[in-house]
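Asker: Below: sequence and its predicted model.
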Amino acid sequence: MSARRLGDRAIEMPHNPQFISFPRSDGDSSRWPTNTTRIVDNSGEVNFMNPLTLDHPQAMKWRLGTAQGIAAATGMQANPSYILEGWPAGYALYDHNKGSADNPRHDLYLFGSKHNKRYRSINEFIPHAIWLYQNTALDMSQCLCKYCQKVPQREVTALHAPGIMRAPNNSPSTPARSRPGRTKTMREVAPKHAHDKVYASVQKAPIPVISKSPNVHSRATMLVERNSDLRAVSSKTSMKLRRWFRTGELLWCALNRPIQGPNNTAIHFWPGLVDEVKLKTRPVPRETLISTRAPSENGKAPTDISDALPWSISQSTEYRMQLLAVNHSYLVSDDRVLPYQAHVPTDDLIAALKAFPTERLNFDRESMSKFNPCPQFDAANFEDAVAPYAMAVQIGSTLSSYWCLTDEWAFEYQLDPNLSSASAPPRPKSTPSLATSLSAAIEAAGQHNAHASTSVSNLPSTSSTPVQVHPNGSFYPDVSAPTHNVSLLETQRLSARVLGKMASPSNGNSPPLTQMRFQGLWWGAERIWTDEFVRLKVPRRCIAPLGAEHVLPPSGPGKSSKATWEASGKDLSELGAGSRGVFMRLDGLFVVDAVQADGFTTKKECRASGMLYELAEEDWEDDSDSKSNSSGSKENLAPVNFVPAPSPLNPHVSPNSNSQTDISVASQVPPSTTYSLSPTSQQSHPLRIHYALPEAPIGYFFRPILPEGYEAAVSLSFISGRYYPRILSHPLLEDFVEKAMTDSNGLLEHNNLWSLEGLSAGFHNSVDPVFYKASRVKMVEDGDKTSLQELEAHKRQRMREKEDKIGDDDELGYPGAMDTTD
């Protein structure tokens, strides 16, 4: 989109103006933007809001257009002199200046409504203005604007009679500056000659359309943003660093000049939100120019045009970051940002922040917003940075506790009328003595922890306590039993807990059933889409360490690792994929009616489903025993040191309502849909995945641990976060990785680092969001508000503690905290 500028043409007050004023308003001046100071950042760009007066030409244009709409809607006599006397109380018009300081883009926004963030055009505001002018009760349900009705603007325009809305051929609210006319000249077309070459592009054949089950009626459209983000991570690229990050994500930005503090501490990173993602392209001279190359055998120049060019193209990603707690944006290259989970402020820096005198902490918003962590010339002052940095870190921590589902769509399906819901499927005649599903290992671990801690409760019971099957009496034929000695009723109770109540089959004339699904979610700092890899909290050894029905045992060590380990005389049982993490290809996010402990009541909860993968060493050789889904008569032991993470809470749709850590392995079909004994008869997505697997860590490959056509369904609380391919090779992490590799305390002391690539279990580096928010905007707004309240409360608490200490002049030992005397 080309940059827009404010028009130069002056708009004057009409002769004999007929003023229209608003008798009421829903405005609030606290909704006005605060970034009204023009600041040029280190890249020569600006991003601020400039308030416009009522007599500004663009404000006059808005006042005239809105007044004409009100007059037409209320039946006033036609008169071109109608004009608003002023904005509704609490409203103000702003010009958003963004881009190059010498030639910024201009966009007009009307702020102030308590119900809506802003209005971007006259036509967007006219319906709301009519509502303010006419509706004495200010009943929002009567407002016809696009934001109150949550419908597209084209539908709003169609609802209004002609003459109310501005004509579409009128100039936009921010018209482009006119350019001097150019004389058009006819260009001569050069005739083609017989020797001219004709170039044609060659592309791969398109992927054939995969037929879907006739029982599935899917009308969901894949978001362009989702497709772009997934391709950036999974596709092959010549870029040094992939485009890992997405708009709205929380990252750590490396400051060009660290803010030096006391005792050799420094602020090297500042948290910020991705405001914009840009692709940067630049030419790079080749080392050997065409003039220095030897001619071909026939004496002619090379025919490969790419080889003949004296330069090549280099591409990278730039991120426009909105730094937290301050009113400054920061344009950084891809080698200067890190995922939020990849960095933690050092203990020395935290100690320096705590040592700062409490009475000098100033959490005033206006004061903090003026601080610039990345000035163009000199480094920022540490004492000035303490309060805004503490605020920024607190906002980041608070955002990590929020989550929300996004991009809802309705999955319609029909049950097979031949499916019987009156009886259960037959049990196998012979059952291995070990556990036969993922839930077995997790259940065993939970039962062990229940004896040591009372924090884990309500685990699946195998006692004689009566267990109710869900009310409709339906069964899940393709769900594995937890263990060989678990009753069928107990198995069905676990299935109903994880996969939800199964709908009863109906005849072919019944309308299709609908399941609520989502294309993505905000999980703390990260934007996660379906179809991408996520890290799970559980280590691989927690999932059927000896194999189970529909679950492969962990892969063993590779040849080189085995040889090295045997030479050192160490136990080979400590090697293999069991000590590493588990990944899920997130194939689905859906809501189920989870059956509660009483066996009758249900609660809407969210589940994630998909194929599970482990990291196997490249030189590992599979044997026949590993290919089997059963593994003899040994007991399926679970580790005793894994404690399930707390479950996120959501008053509307919760990932998991209690501390149960159930995982169910089922046929890869939509929950509560047709369950055939054939695992691939009806799946929730095509068998052919449109995205390649991401790069595995160097020396490993991704090995699926479930049979094709089966998937695991888990609570969202099992998700640790996104997987960033080869993130440990990031330039900003090189020093940390080198230090960890040479640490005398051992590699295991840095599991939080290895966990980013799945080299250790996900719980070493994970987020645990517990508060559900309606949107990302709401998450940021509440995070900012809550963080300020918490810091103010913390400051008051420290001041009270200081007052209680008598005679302790040097409370914190910080320079300047105590008075010096001769």
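Answerer: Nice, thanks for sending it over. Just so it is clear, the structure is predicted and the values come from calculations on it, not from any experiment.
Asker: Mind naming the longest helix for the protein?
Answerer: Longest helix of the chain, by residue count under DSSP state H: helix 776-804.
Asker: Mean confidence (pLDDT) on that helix, please.
Answerer: Helix 776-804 shows a mean pLDDT of 91.
Asker: Make 25 the first number, not 1, from now on.
Answerer: Got it, first residue is 25 now, which makes that one helix 800-828.
Asker: Find me the pLDDT at the nearest residue in space to Arg631 that is not next to it in sequence, would you?
Answerer: The shortest distance from Arg631 to any non-neighbouring residue, by C-beta to C-beta, 6 or more residues apart in numbering, is to Ala737 (5.1 Å). Backbone N, C-alpha and C define where each C-beta goes, glycine included. pLDDT, Ala737: 86.
Asker: In three-state terms, label Ala737 for me.
Answerer: Recorded secondary structure, Ala737: strand (DSSP: H, G, I helix; E, B strand; the rest coil).
Asker: Surely it is in contact with Cys630?
Answerer: No - Ala737 lies out of contact with Cys630 (C-beta atoms under 8 Å); the separation is 10.7 Å.
Asker: where does the protein have low pLDDT?
Answerer: Counting by pLDDT under 70, the chain shows low-confidence ranges at 25-34, 192-245, 311-333, 439-513, 515-516, 525-534, 593-597, 648-714, 768-771, 830-846.
Asker: Starting from the strand ranked longest in it, tell me which strands it pairs with and how they run.
Answerer: Longest strand of the chain, by residue count under DSSP state E: strand 290-309. Partners of strand 290-309 in the sheet, by DSSP bridges, are strand 274-284 (antiparallel), strand 335-347 (antiparallel).
Asker: partner strands of the next helix or strand after the last one, parallel or antiparallel?
Answerer: Scanning forward in sequence from strand 335-347, with DSSP states H and E defining helices and strands, the next element found is strand 353-357. Note on strand 353-357: by DSSP bridges, its sheet partners are strand 335-347 (antiparallel).
Asker: So which residues make contact with the strand it pairs with?
Answerer: Residues outside strand 335-347 that contact it (C-beta atoms under 8 Å, 6 or more residues apart in numbering) are 262-265, 267, 269, 275, 277, 294-310, 330, 353-359, 361, 397-398, 416.
Asker: quick one: the closest residue to Lys797 other than its chain neighbours and Ala95, what's the gap?
Answerer: Leaving aside its chain neighbours, Lys797 sits nearest to Met803 (4.5 Å; criterion: C-beta to C-beta, 6+ apart). Taking C-beta to C-beta, to the nearest Å as the measure, Met803 falls 41 Å from Ala95.
Asker: One more: Pro75?
Answerer: 27 Å.
Asker: How about Leu599?
Answerer: Taking C-beta to C-beta as the measure, Leu599 falls 81 Å from Ala95.
Asker: Have a look at those two and say which one is more surrounded.
Answerer: Ala95 (22 against 18; other C-beta atoms under 10 Å).
Asker: part of a helix, is that one?
Answerer: Yes - the assignment for Ala95 is a helix, going by three-state DSSP.
Asker: Can you name the residues that contact the closest residue to it other than its chain neighbours?
Answerer: What sits nearest to Ala95 in space, not counting adjacent residues and going by C-beta to C-beta, 6+ apart, is Tyr106, at 4.6 Å. For Tyr106, the contact set (C-beta under 8 Å, 6+ apart) comprises 41-42, 44, 88, 91-92, 94-95, 100.
Asker: now do Cys398
Answerer: Each residue near Cys398 by C-beta under 8 Å, 6+ apart is listed here: 65-66, 279-281, 294, 347, 352, 354, 404.
Asker: now that we have the residues you listed, which one has the most neighbours?
Answerer: Counting neighbours by other C-beta under 10 Å, Trp294 leads the contacts of Cys398 with 27 neighbours.
Asker: hey, what's it bridged with?
Answerer: Cys277.
Asker: do you know how far it is from Leu275?
Answerer: Distance check for Trp294 against Leu275: by C-beta to C-beta, it reads 10 Å.
Asker: Kindly report the same for Ser799.
Answerer: 20 Å.
Asker: Looking at those two, which one has more neighbours?
Answerer: A count of neighbours by other C-beta under 10 Å puts Leu275 above the other of Ser799 and Leu275, at 27 against 11.
Asker: Distance check, that one against Arg360.
Answerer: Distance of Leu275 to Arg360, given as C-beta to C-beta: 10 Å.
Asker: how about the helices in the stretch 475-624 of the chain?
Answerer: Secondary structure of the stretch 475-624 of the chain (DSSP state H, counting those that start in this stretch): helices located at 512-523, 583-591.
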